[in-house]
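**Q** I'd like to go over a predicted model; first the sequence, then the structure.
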Amino acid sequence: DEKCTAVACDVGGTSWNANVCRPVLGTKAVGDECDNMGSGVDGNDDCDVGSMCWGTDPDTGQGVCVAFCTGSPTAGVCDGGGETLCSIYNDGVLPLCLPKCDPLIAECPGGDVCIPHPSDEGFNCVIDASGGMGLYGVPCMFANSCNEGLLCIDAAAVPEPECASASGCCSPVCDLSGADACPGDGQICEPFYDPMAVPPGYENVGICAVPA
């Protein structure tokens, strides 16, 4: 009557850093609205075995049940007809089947952001860690530190004062088939992927950057 899930073991911690067994407190299926019954990172929720409550609203404690990947640590697998990608975060603690997304369209549910999949298989929706402050030209440290529609890229490609001493800065995604409307001086819409290795469906995805 237990399930393996992700938790934050550190006292007062807010980041999942271990996998433990927790009692099964409900039978909500993947895709169902769910309730976190504790801190949100203690593993207590009403999702069934093989899933966890993700994207929890801090005010209501509600999120959506997402499945854990199956397979192996080097070859994670997701069911669901190709609509999700196995995304492994937090040093393997969070192997989650998260929705695919198109970075040119704001389509992620629950205020999530669309960022590159860590294995270059396309883009998927993850929790927005920007707090609404990840605007163009703002320094960033993580892939999900920028607002929706922007990505954290090499600061040298973003010609703004705050980026001069940063390792990464937020810059807009752009459409290679559309008009070049990049905000930075000297920026152009450059292909996000190597033309010889573009995942299907992402041929027009670009990023506003100063050419190297």
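**A** Cool, got the structure.
**Q** now the most centrally placed residue in the chain: how far from Gly132?
**A** The structure's the chain has its C-alpha centroid closest to Val126; by Cα atoms, centre = their mean the separation is 2.5 Å. Val126 sits 16 Å away from Gly132, taking Cβ to Cβ, to the nearest Å as the criterion. Every C-beta, even on glycine, is put in place using the N, C-alpha and C of the backbone.
**Q** Please work out the average pLDDT along stretch 181-199.
**A** Looking at stretch 181-199 alone, the average pLDDT works out to 93.
**Q** Contacts for it next, please.
**A** When contacts are taken as Cβ atoms under 8 Å, 6 or more residues apart in numbering, the neighbours of stretch 181-199 outside the stretch itself are 116, 120-122, 136-137, 157-160, 171-176, 180, 202, 205-211.
**Q** can you pull the contacts of the residue of the chain most remote from its centre?
**A** Distance to the chain centre peaks in the chain at Asp1, reaching 30.5 Å (criterion: Cα atoms, centre = their mean). With Cβ under 8 Å, 6+ apart as the criterion, the residues that contact Asp1 are 23-24.
**Q** can you rerun that using 6 Å?
**A** For Asp1, the contacting residues are Val24, by Cβ atoms under 6 Å, 6 or more residues apart in numbering.
**Q** Give me the buried subset of the contacts of stretch 181-199.
**A** A residue is treated as buried here by neighbour count (16 or more other Cβ atoms under 10 Å); on that basis the buried members of the contacts of stretch 181-199 are 116, 122, 136-137, 157-160, 171-174, 202, 205-210.
**Q** Distance of the residue nearest to the centre of the chain relative to Asp42?
**A** Per Cβ to Cβ, Val126 is found 20 Å from Asp42.
**Q** again, but for Cys174
**A** 41 Å.
**Q** Give me the contact list for stretch 20-28.
**A** 1-5, 7, 34, 43, 46-48, 65.
**Q** Give me the buried positions along it.
**A** Burial within stretch 20-28, assessed by neighbour count using 16+ other Cβ under 10 Å, is assigned to 22, 25, 28.
**Q** Low-confidence ranges, the protein, go.
**A** Counting by pLDDT under 70, the low-confidence segments of the chain come to 120.
**Q** Longest strand in it, by number of residues?
**A** Ranked by residue count under DSSP state E, the longest strand found in the chain is strand 168-175.
**Q** Now do that one: distance to the chain's middle.
**A** A distance of 15 Å separates the centroid of the chain from that of strand 168-175, by Cα atoms, centre = their mean, to the nearest Å.
**Q** ok, for Ala8, nearest residue in space, not its chain neighbours?
**A** Once flanking residues are discounted, Ala8 sits nearest to Val41: 3.9 Å by Cβ to Cβ, 6 or more residues apart in numbering.
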